[in-house]
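Asks: Just a sequence and a predicted model for now, questions to come.
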Amino acid sequence: MAGIANSGVVDLIAQDASGNPWLIMIEDRRWGADENQETQLRGKVNAYADYIISGSLAQQYPETAGRRVGIRLECVDTPRGPFRQLVERTASLLAERGIDFYVNPID
């Protein structure tokens, strides 16, 4: 099962036009739909960041070594309230580690 509720799974790995890899996480629930959603998002982000920082991504996919890696959150609506604060903090912390973080709401 994919989605932020399952931090043990990378939902999707894609490549942009420049050849840089993106780890994509999917949230198909509206923000606030689950009381555990904030904790789940943190867990998923931490798992993705660890996968990148530990070198596991480059080990499993050698073509990603030396590339700028990003994490993209695909979600059904724009994060608001505590979720917005969480994604803003997340983007800042990941940027310090050289990891891009992008939120793509479909609303």
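Replies: Looks like it arrived, so ask away. All figures in this text were calculated on a predicted structure; none of them were measured in a lab. Numbers count the residues shown, from 1 in each chain.

Asks: Report the contact partners of residue 10.
Replies: Shown in contact with residue 10 (CB atoms under 8 Å, 6 or more residues apart in numbering): 23, 25, 48, 51. To be clear about C-beta, it is placed using only N, CA and C from the backbone, and glycine gets the same treatment.

Asks: Mind pulling up the pLDDT for the last one?
Replies: Here, the pLDDT recorded for residue 51 equals 97.

Asks: now residue 10
Replies: Residue 10 is given a pLDDT of 95.

Asks: swap in residue 2?
Replies: Here the pLDDT value assigned to residue 2 is 82.

Asks: List the single closest residue to it in space, sequence neighbours excluded.
Replies: residue 11 (4.2 Å; CB to CB, 6 or more residues apart in numbering).

Asks: Could I get the full set of strands for this protein?
Replies: Applying DSSP state E to the chain gives strands spanning 12-15, 21-27, 70-75, 100-105.
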